[in-house]
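Enquirer: what would the 3D arrangement of this be:
(chains A, B and C)
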Amino acid sequence: MDPKQEAIKELLIKMADDQLIIGHRHSEWIGLGPILEEDIALASIAQDKVGQSYTLFQLLHDQFGTADPDTMGFLRAENEYRCCHLVEYPNGEYDFSLIRHFLFDHAEYHRFDMLQGSTFEPIRGIARKFKSEIKYHILHADVWVRRLGTGTEESHQRMQAALETAFPLALGIFEPSPYEQVLIEENIFPGEDALRQRWLETIQPILEEASLQMPDPSSVEPAYGGRRGYHTEHLAPLLEEMSWTLRYDPEAERW
Amino acid sequence: MYGGGYIPGSASPQETPKEDPEKLAEFEEKINRGEKIEPHDWMPYEYRRQLIRMIEQHAHSEIIGALPEGTWITRAPGFKRKLALMAKVQDEVGHAQLLYSAAETLGKSREQMINDLLSGKSKYSNVFNYPAKTWADAAIIAWLVDAGAIINQTTNSKGSYGPYCRALERICWEESFHLRYGYDTVVALATGTKKQRQMVQDALNRWWRPIMHFFGPPDKISVHTEKLVRWKVKLATNDEMRQQFLNMYVPKIRELELEIPDPILHKDPETGKWVYSDPDWDEFFRVINGNGPCNKERLAVRKKAEMMGQWVRRALHNPRQQYVTPLA
Amino acid sequence: MSDFIQSLDPRIVRLQVREDQPFEPKEAGDQWETYEVFHQAKTGARLIHVGSLHAPSPDLALVFAKEQYGRRSTTTDMWVVRTADIFTLHRQDIDIFETAQEKLHREPQGYMEVRKYIEEFKKRQQQEGTSDGSEAGSH
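Expert: You can find the predicted model right below:
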C-alpha cells in the first residue's frame, strides 16, 4: 500500500479505537451515575462514541478492505489497537471520568473540525456529522467541569487532582504517528502538533473559569505508546471482557 | 419498561380519614365519565396513597431492573448489540426518571422515595432479584420480561391518574423497541449454533418461573379492593394479564422450538384458558421478603451508587433552591 | 477481597461493593430542584410541555433535557423553566374557565346566517323590480 493510504488507514484506526474504548468506559456508568438525569446524558454520549467508532470501522472496511467492524473492534490482539492510554484507564470516580471526557472531547472536536477540510473526501461528511454530536459532549463536559471546579472545597480538590492525573495521559492523544509528514503534505490532516495547539488554546480558558490549574505542558511527560501498540495494563482485561460473548462461540454467525 | 409487575404491599386500607361524601361522589363521577384526575384535583386519601405506592414501586423496578441487564453491557457481542443494550438500559433509567416525576406530583419527594427503596420499606418487582447469568439471560429479559411489562403498562395507561398515564404512554412506546430488540436477540440465539441454542434454552429454563410470578399470585389468593377497580387504579386482574401473556408468547416461543419448562402447560379447549403448573408461590413470597438470590446485591449496589454520587450532588446544591413538586 | 460482593457484573466487581454498604439517608435538596421542559418537534409547531426533571441550575437543566426529552424525537427547540417560576390557579378555582352563558357573540357560529339575509334581500329586490316593471325590459 502506498504511504498515503497507509497514513489514512492508521489515522482512522486510532480514531476508531479511541472512540470505542472511551465509549465502553462511559457505558460502565449506565445505571450507576450520580443522578438519574446525568445517567441518561452520559449514556447517550457513550452511545455516540461507540456509534462513531462503528462508522469509522465501516469506512475502513469499505475503503481499505479491513475486516468487518465487529472483528476489528472486538477481536484484534491487544498490540494491534492504536488507542491512547487516556481512554484505557478505569473510570475511577466521577471526577476522573468527567475530566477525561472533557480533555478527550475537546481534542475530538478539533480533530473532526480539521478533517472536514480533508483531501480524503469520504471523511468529510462523517466529520461534519460527528462534530454536532461532539458539540453536545463538550457542552456537557464544560458545564460539569465549571460547576464542580467551583462547587465545594471537596469537589474542587477532586477535580484538580483528577486533572493532574489525566493531563499527561491526555497529552498522549497527540502522540505523533509515523505518517505525520504525509498527512500534512497531502492535506489529509494538519497533524497532531497543530491539533494539540488548538486544544490547549481551548481548554485553558475553561479550566481557568473552573478555578482549575492546568499543569504546564512543557513540564509534563506525555503518556506515549498507545499509538504504536504499547498499552497500559488496563487494556488487555478490558478487551477480554468486551469480546467475552463473541469468543464464547466463534462458530456463531449472528448474535 | 418493567411495568412493575405485581408487587405486594399493604393493599388493605388502613386508617383512612373520612372523606367528604359530596366531593367523593364528584370524584367518582369524573372517573366514570372517563376524565383524568390531575395532581391538584381533590382526591381521596386512599387513592393518593395507593397511587404513590404503585408508581413509586414501578419507578424502583426500572432503576433496579437496569442492574440485571446492565450486567451484560460490557460484554455485549458486537457493535449493534452493544449499542442497543446501552440504549435499552438507558431507557430504563429514563423510565425511572419519568415515573419518579409522576409520583412526585402526588406529594412524595424523590429523596423520600429513594430512601424508602434503600431502607427496604418500599418494594420493586421481584423478577429483578434473579441473576442474569449469560448473554442469553439478558436476551430473555429484554423479550419476555419486557413483554410482560408491556401488558401490564398498556393496561395501566388506561388508568385515571393523568401524570401516570402520560408517563406510561411514552414508556410503552419505548418498550416496543425493547420488545423487538429482545425478540431479535432471542431469535438470533435460537436459530444459531448448537451452543447458542443451549444458551438460550438454559436462560428460558431459569426465567420461566420468575416470569410466571411476574403478574402476581392467582386471583383467588390475592386481595383487590373493589374500590381500586372503581377508581381505575387496578385495571385487570393478575390472572387476566398472565393469560394474555401466555396467549401471545407461548406460540412464539414454541415456534423457535424452545422448550418451556412446564410439562403440563396447555390451553384448555373448553375454557380457552392456559393451564400451568403451580409456579411455587411460596418461593415468590420468600424472594419478595428479601431472600432471593440477588436482593442484597441489588440494594447494596444502589446504595453504593448513591453514595458515590453524593459529593457530585452536594457540590451543585444551591442553598437558596426551593423544592416545588413538578406540575404535571 | 471476599468481603466484596462477587457479582456476575464485572462493573460491579470493580466497584467493590460490600453487602453491608453504608448509606446515609438523603436529605431534602439532595436531588436539587425541578424544572419543566417544553419541546418543539418541528419548525412552526408550538412548544409543548413534555415533563419535568431535576437539575441544580438552568444550564444543566438544558443539558439534561436534551437527552431525557429529545433523544428519541426530532427536536427544533427546547425550553426549560424552574417549576417554582410557573404560575397557575388553585385547583378549586379552575371552574372560572366554565362559562355560564352562551358566548355566541364571540364565536364564528354566532354569525352563520349572513347568507340567509343576503338571499332574502335578493329575493326582495327582485320582487320589487318585477312589481315596479320599470327596468324589467332591460334584463
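Enquirer: okay, CA-based contacts and neighbour counts for the rest of this
Expert: Fine.
Enquirer: for the residue most central in space within chain C, name its beta-bridge partners.
Expert: Centroid check for chain C by Cα atoms, centre = their mean gives residue C:48 as the closest residue, at 3.5 Å. According to DSSP bridges, the residues that bridge with residue C:48 are residue C:39.
Enquirer: distance of it relative to residue C:78?
Expert: The spacing between residue C:48 and residue C:78, counted by Cα to Cα, to the nearest Å, is 9 Å.
Enquirer: which neighbours do those two have in common?
Expert: Common neighbours of residue C:48 and residue C:78, using Cα atoms under 8 Å, 6 or more residues apart in numbering or on different chains, are C:38, C:39, C:40.
Enquirer: the closest residue to chain A within the stretch 51-200 of chain B and chain C: what is the separation?
Expert: As assessed by Cα to the nearest Cα, chain A sits closest to residue B:75 within the stretch 51-200 of chain B, at 4.6 Å. Relative to chain C, residue B:75 is positioned 9 Å away (Cα to the nearest Cα, to the nearest Å).
Enquirer: contacting residues for the spatially closest residue to that residue that is not a sequence neighbour?
Expert: Spatial nearest neighbour of residue B:75, chain neighbours left out: residue A:242 (4.6 Å); criterion: Cα to Cα, 6 or more residues apart in numbering or on different chains. Applying Cα under 8 Å, 6+ apart, we find residue A:242 in contact with A:74, B:74, B:75, B:76, B:77.
Enquirer: now swap in residue A:182 and tell me
Expert: A:3, A:4, A:7.
Enquirer: what residues sit buried inside the longest helix seen in chain B?
Expert: If you go by DSSP state H, chain B has its longest helix at helix B:162-190. Across helix B:162-190, burial judged by 16 or more other Cα atoms under 10 Å in any protein chain shown covers B:162-169, B:171-172, B:174-175, B:178-179, B:181-190.
Enquirer: and for stretch C:36-56?
Expert: Buried residues in stretch C:36-56 (16+ other Cα under 10 Å): C:36-41, C:47, C:50-56.
Enquirer: which pair in these has the greatest spatial separation?
Expert: Within those, two members stand farthest from each other by Cα to Cα: C:41 and C:56, at 25.8 Å.
Enquirer: count of neighbours near residue C:121?
Expert: By the criterion of other Cα atoms under 10 Å in any protein chain shown, residue C:121 has 12 neighbours.
Enquirer: avg pLDDT for whatever helix or strand it lives in?
Expert: Residue C:121 belongs to helix C:114-132 when assigned by DSSP states H and E. For helix C:114-132, mean pLDDT rounds to 89.
Enquirer: give me the contact list for the helix or strand containing residue B:302.
Expert: According to DSSP H and E, residue B:302 maps onto helix B:295-308. Helix B:295-308 is touched from outside by A:32-35, A:93, B:64, B:67, B:118, B:129, B:287, B:290, C:5, C:7, C:12, C:17-24, with contacts defined as Cα under 8 Å, 6+ apart.
Enquirer: stretch C:51-59 too?
Expert: By Cα under 8 Å, 6+ apart, stretch C:51-59 touches A:37, A:143, B:97-98, B:101, B:316-318, B:326-328, C:31-38, C:61, C:64-65, C:69, C:80-82.
Enquirer: now do the end-to-end distance for that stretch.
Expert: 17 Å.
Enquirer: and it, how far from the chain's centre?
Expert: Distance, stretch centre to chain centre, for stretch C:51-59: 18 Å (Cα atoms, centre = their mean, to the nearest Å).
Enquirer: nearest spatial neighbour of residue B:123, chain-adjacent residues omitted?
Expert: residue B:57 (5.9 Å).
Enquirer: which ones are touching residue C:43?
Expert: Residue C:43 touches residue C:76, counting by Cα under 8 Å, 6+ apart.
Enquirer: just the pLDDT for it.
Expert: 96.
Enquirer: that one: which element?
Expert: Applying DSSP H and E, one finds residue C:43 in no helix or strand.
Enquirer: what's the answer for residue B:282, then?
Expert: Per DSSP H and E: helix B:281-286 holds residue B:282.
Enquirer: tell me which residues are up against that helix.
Expert: B:126, B:213, B:217, B:292.
Enquirer: around chain C, which positions in the stretch 51-200 of chain B sit nearby?
Expert: B:70-72, B:74, B:94, B:97-98, B:101, B:110-112, B:114-115, B:131-133 (Cα under 8 Å from any Cα of the partner chain).
Enquirer: so which of those residues sit within helices?
Expert: B:70, B:94, B:97, B:98, B:101, B:110, B:111, B:112, B:114, B:115.
Enquirer: among these, which two are most distant?
Expert: B:70 and B:112 (25.2 Å).
Enquirer: so between these two, which is more surrounded?
Expert: Shown here are residue B:70 and residue B:112; by other Cα under 10 Å, residue B:70 has more neighbours (29 against 15).
Enquirer: how close does that one sit to residue A:92?
Expert: 18 Å.
Enquirer: and what of residue B:136?
Expert: Residue B:136 is 29 Å from residue A:92, by Cα to Cα.
Enquirer: compare these two and say which is more crowded by neighbours.
Expert: Neighbour count, other Cα under 10 Å: between residue B:136 and residue A:92, residue B:136 has more, with 27 against 11.
Enquirer: contact partners for the more buried one?
Expert: Residue B:136 neighbours (Cα under 8 Å, 6+ apart): B:186, B:189, B:199, B:200, B:203.
Enquirer: max pairwise distance over those residues: which two?
Expert: B:189 and B:203 (11.0 Å).
Enquirer: show me the contacts of residue A:182 that map onto strands.
Expert: Assigned to strands by DSSP state E, none of these qualify.
Enquirer: if any of these are buried, put those into a PyMOL selection.
Expert: Selection of buried members from the contacts of residue A:182 for PyMOL, criterion 16+ other Cα under 10 Å:
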select buried, chain A and resi 4+7
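Enquirer: for the residue in the stretch 1-150 of chain B that chain C sits nearest to, give me the pLDDT.
Expert: At 4.3 Å from chain C, residue B:71 is the closest residue in the stretch 1-150 of chain B, using Cα to the nearest Cα. Note on residue B:71: pLDDT of 97.
Enquirer: ok, now the one 10 residues further on?
Expert: What the model reports as pLDDT for residue B:81 is 98.
Enquirer: all helices of chain C, in order?
Expert: With DSSP H as the criterion, chain C has helices spanning C:10-15, C:58-70, C:114-132.
Enquirer: so of those, which one's packed in deepest?
Expert: Ranked by mean neighbour count, the helices of chain C are led by helix C:58-70 with a mean of 21 (mean count of other Cα atoms under 10 Å in any protein chain shown).
Enquirer: give the contact list for the closest residue to residue A:120 other than its chain neighbours.
Expert: Here the nearest residue to residue A:120 in space, its sequence neighbours aside, is residue A:188; by Cα to Cα, 6+ apart that works out to 5.8 Å. With contacts defined as Cα under 8 Å, 6+ apart, residue A:188 is in contact with A:8, A:115, A:117, A:118, A:119, A:120.
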